[in-house]
Each structure stands twice: as C-alpha cells, then as structure tokens.
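J.: A structural model of the following input is requested.
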Amino acid sequence: MSFRPCGVIPSRNHAAALGDIVQRLNAAGLAVFIIDDASDAPARDIIAALHVPEDGVVVYRFAENQGKGGAVAKGLELASAAGYSHAAQIDADGQHDLAALAMLLSLGEVHQDALILGAPVYDRTVPLGRRLGRWATHLCVAAEILSPRIVDTMCGFRLYPLAPIMALLAAEPVGRRMDFDTEIVVRSIWRGVPVHRLPVRVTYPAGNTSNFAMLRDNWLMTRMHVRLLLGMLRRLPQRRRQAPPPGDAPRHWSGIAERGAYCGLRLLAAIYRVAGRWGCMAALLPVALYFHLTGAEQRHASRVFLRRAFVASGKGREPGWLDGLRHSLGFAGKAVDTFAAWVGGIDRAAVDVVDRAEIDRVTATGCGLVLIVSHLGNVELSRATLDPATRDRITLLVHTRHAENYAQLLRRFRPEAAFNTLQVTEVTPATIMALKEIVDHGGWVAIAGDRTPVDGGDRTSRARFLDHDAAFPQGPYIIAHLLGCPVYLMFCLREGGRHRVYFERFAERIELPRGDKEAALAAHAQRYARRLESYCLRDPLQWYNFFDFWAEARAR
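T.: Predicted coordinates for the structure are as follows:
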C-alpha cells in the first residue's frame, strides 16, 4: 500500500515546545493534527494560533477535557478521514528527541503493517517515581502478552498503521486517558499487529508539568491491567492449543528472539550466589514452566525433534508432555551450568576432556584452526573450563545478538568471561581477511555447524539427519577451505552428573574441487550431520535448537 504518514500531537496545557515540534514535523514533510484537549489560557491561545490548514497544520479543540487517549483517538480519526495511511504520535511537552523521527518514518515505510514503538533511553532527569511506575507496567504487560519482549508501552513517540488501529478502536473498548498508550499496544498485539521498537532519547524538560493525575490515572491503569489480565486468561486455553499450522513456513531460527531479560538474569545471579545451582533450578522452575506453556512454536519444534530422535534411538514412542517439559528444564539447567562455570561454581577438575592429549598437541603446535560447534549440550561450559591460554585462542562467529544480555551479565561477574566474538551476517572478503589474521596468529575460529545463514541465502546443503532431510550451512567448510587450516569438532554433554568434552579432528584441510564444489560441500555437511546425530542420540534432551530444524530443507 501507499505510505502516506502524518503527525498527531495531543496537548493539554503544553505549548512551550509545540511550535518547534510542528516545524520539525513539517520539515519532514508531514501534515500535523494538533488535538487541544481543553487547554487553559494562555496555552489555549498559543495552540489556536498554530492552526494554518494551508500549511498543513490543523488544530482541533475539545471544549471539555477528554484525556490523552481521547485526544490521540480523535487525531487518528482525523488522519484516517484525510486519507493518511500512518500517524506519528508525538507528545507535546518536548521530551522526545526528534532526531529519531526520520528513522521512525523509515521503519514505518519498510514495515507498513507494524506498530513502531519508541523505546525510551532516559537521562538523569527522569523522576524516580516515573521509572518505578513504568517498571510495574512492564511487568503487567509481560503477563498480558505472555512475553517480555515489549519493554515500554507508555512512550508517546510511536507510529500507528491506521487501518488496523482504526478497526481496533471501532471494535474494542480502549481507555481514553493515560491508560490508552499501553492498552492500544496490548490489544494490537492480541490482534496480530507486528511491533517493532526504535530507541529514542527522552529528557524531562525543566519546569515540565505533567497531566498525570496520581489517584485517578493510577486507578484507571490498575483497572486496565486487571481487565487485560482477565482477557489474557480467557485467551490462554486457545493459545496453548495453537501450533504452527501444517504447510505454514516456520520462522527462521534467527527470527525467534531471545526470551530472557537482563533484570531476570541479574536475579538469577543473585540467587546463585546465595543458594547455588539447586537454588537456581528451584527458582527457574516456574520461569521454565511459563516459557514452556507460552512458547507454542518452541514446544512444537521440541516435539518434532524428540519424536524423530526417539525413533532413531530405538525407543519408537511418541514424546509426551513430560518429555517436552524436561527438554525446557534442561535448557534452563544449561544456562545455570554455564553461569556457574564462569563464576567458579564448576571446577575444571569436574569436567572430563576425552581428548585432552589432542587438545594439548594442537595447542603446542601453535597452529590456527576452524572449530565447528553446535547447540547440542553445553559448548559454552567447555570453553569456560578450558585453561585460560586455550580459551583465549577462541573467537566465536555469531550471526545475531540474541545472547547479548547473557554475555553482559557474565562480564559483570567475571571480566574474563567476555566472549571473543565476531559479528557476521554474511561472509565477505573483509570477513575472510579478519579470520585469516586470527588463524595465522594461532587462533581458533568457532562457528556453529547447525544454524543456517541469517540472510536466508542458498549457502546450505541437504543432509540426512535423524532419517529426514535437513538444511546444514556450508559456511564452516567454505571458510575452512579459504583459510587452509585444520577443522575440529567440539561437543560437551552432561553425563552422569558430570560434563564431558569431546574434541575430534574433522579434516586436516577442506578441499573444494572447482568442478564439483557443491557435491564436496554436501559430503562434508553429511559427515558433520552423522557426527551430530551420533552425539544427539546419547541424550536427545540436550538438543537446544528450539525451532523446526527440518523446515528449510522441506521448503527448498
């Protein structure tokens, strides 16, 4: 559809910054609808003077105060009636850094069906009471949408797609005062409207007056959250039954966002310091249950994998709900074990390295290599318990920033836990040059062998894995070929209450004949798939790829 945005500014007694805001919106090519929510003099007269329709500025005045939500809803109605496709809501008090406006509009044009929310970046001017109130709202919203992914629903800097929002406002009751900003987001998510977030700096101007009525608006917010929580409880049985419909294309693994929150990880760290591993696992039980119950896509992927692993291992039975729950709890245990290893809770003596002599031999040669790892078991723990000299050799290639919160937490407790990472979305000549320098200095380049490229390109080979075709990345073998170095595999499994590290040679060199390159890549992928399957069948519950691993091969 055609992208035709405008601006909507609700205002009650905020006029000092309004003229500058209007000029900034006009300069961005936006017509502006100002909704004067029964302002008093002198703000009323300043706002009225901005009404210049021929210059694209329309002022609509309520004779009686309607509340912020009522003002915004009226602005959206006027914008829709005038033929605009999107409306940028900007608060009138000048809190938001309008340098983010261009990016807001750019995101809206790319994601025209999405609601773009400002993610506030506060400075020291934000009052403590506001911070506490917002965090309480964030916790409620996380329960209402069964996800912690929307960090702020109260920021008045956002871009609405008008068609779905006007349909929502016509069909459902939405609060008309300070409860509007949050409720419209929650109900939009319930209706399947995509949401994207954009950081925006927020400053509370000196002398700024708030229209938030402490008793009235807190009461309205409380009623709203009770209403939404009850609504979510009514929706929960249907949500739990939902699974990806047959034939629908599941999301690529990189589209499944990290579901952990930094504050939650901080709490986990505190519990570990006081109560150790078992205390952490007890605290994580309700959290794991929550994510297990609300992660329909992950539950479905777990069931598909376990079914195929049980057949391949000779069990031949359908995985039950208890198997799925144990799978989720195993992932929680992996997180605890990794953290414990980095902060000294797991001694290196408690980790058996099956091929220690081979590691020592390779380390002594000083040569670089490509190390293929996976999301089976706990390879992060193996890295944490390696001797410092070997550990420092490893640079991990990562495709996304899903684990940023976890790495940030580890750095706070153990500076040496900072991952040597190289962010890669595609392999370019510059990437190869950087990796070549690492290997030439004796470094080990670690790359996952069980995650396909983020860009969805064709750099995959099909291989049989648990008796079904799966897509495996060609990247590890192409990189190893270009670097001309040895290739090793590393796995780390929890066995009998201990962890065991497996380190094995995969190839002295990766050769890719010019005339038969695809066949050679497929052969390497199949060899890796066989080794991965062999380790998977030792304990399928240590497989932590919670997405449909076979989907991309089916789609090809």
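
J.: So which residues of the stretch 351-500 of the chain form helices?
T.: Counting by DSSP state H, counting those that start in this stretch, the stretch 351-500 of the chain has helices at residues 356-365, 379-385, 388-391, 404-413, 429-440, 475-483.

J.: Now tabulate those in CSV and tack on mean pLDDT, mean neighbour count and distance to His468.
T.: Placement of C-beta: from N, CA and C, glycine included. Shown next, in CSV, are those (pLDDT from 0 to 100; neighbours: other C-beta atoms under 10 Å; distance: least, C-beta to C-beta, whole Å):
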stretch, mean pLDDT, mean neighbour count, distance to His468
helix 356-365, 87, 13, 32
helix 379-385, 70, 23, 24
helix 388-391, 72, 12, 36
helix 404-413, 54, 16, 31
helix 429-440, 83, 14, 32
helix 475-483, 92, 23, 21
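
J.: Out of those, which is closest to Leu169?
T.: The closest of the helices of the stretch 351-500 of the chain to Leu169 is helix 404-413. By C-beta to C-beta, the value is 35.0 Å.

J.: Output the helix or strand Leu168 falls within as PDB, restricted to C-alpha atoms.
T.: Here Leu168 sits within helix 162-171, counting by DSSP states H and E. Provided in PDB are the C-alpha atoms of helix 162-171 (Å, rounded to 0.1, in the frame of the first residue of the first chain):
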ATOM      1  CA  LEU A 162      -4.100   3.500  10.700                       C
ATOM      2  CA  ALA A 163      -6.100   0.700   9.100                       C
ATOM      3  CA  PRO A 164      -5.700  -1.900  11.800                       C
ATOM      4  CA  ILE A 165      -5.700   0.600  14.600                       C
ATOM      5  CA  MET A 166      -9.000   2.200  13.500                       C
ATOM      6  CA  ALA A 167     -10.600  -1.200  13.100                       C
ATOM      7  CA  LEU A 168      -9.400  -2.000  16.700                       C
ATOM      8  CA  LEU A 169     -10.800   1.300  18.100                       C
ATOM      9  CA  ALA A 170     -14.200   0.600  16.400                       C
ATOM     10  CA  ALA A 171     -14.500  -2.900  17.700                       C
END
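
J.: Could you list every helix and strand in contact with it?
T.: In terms of contacts (3 or more C-beta pairs under 8 Å, 6 or more residues apart in numbering; DSSP states H and E), helix 162-171 is packed against helix 68-81, helix 180-190.

J.: I'd like to know which of the ones you listed is closest to Asp392.
T.: Comparing these by C-beta to C-beta, helix 180-190 comes nearest, at 43.6 Å.

J.: outside of that closest one, which residues touch it?
T.: 67-70, 72-73, 115, 117, 137, 141, 144-145, 150, 153-156, 164-165, 168-169, 172, 174-175, 195, 221, 224, 228, 231, 235 (C-beta atoms under 8 Å, 6 or more residues apart in numbering).

J.: Please check those and keep the buried ones.
T.: The neighbour-count test (16 or more other C-beta atoms under 10 Å) applied to those identifies 67-70, 72-73, 115, 117, 137, 141, 144-145, 150, 153-156, 164-165, 168-169, 174-175, 195, 221, 224, 228 as buried.

J.: which residues in the stretch 451-556 of the chain form strands?
T.: 460-465, 468-473, 487-495, 498-507 (DSSP state E, counting those that start in this stretch).

J.: Which positions in the longest one come out as buried?
T.: What it means is strand 498-507. Using 16+ other C-beta under 10 Å as the test for burial, strand 498-507 gives His499, Arg500, Val501, Tyr502, Phe503, Phe506, Ala507.

J.: May I see those arranged in JSON lines, with distance to Phe33 as well?
T.: Output for these, formatted as JSON lines (distance: C-beta to C-beta, whole Å):
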{"residue": "His499", "distance to Phe33": "61"}
{"residue": "Arg500", "distance to Phe33": "65"}
{"residue": "Val501", "distance to Phe33": "63"}
{"residue": "Tyr502", "distance to Phe33": "64"}
{"residue": "Phe503", "distance to Phe33": "65"}
{"residue": "Phe506", "distance to Phe33": "63"}
{"residue": "Ala507", "distance to Phe33": "65"}
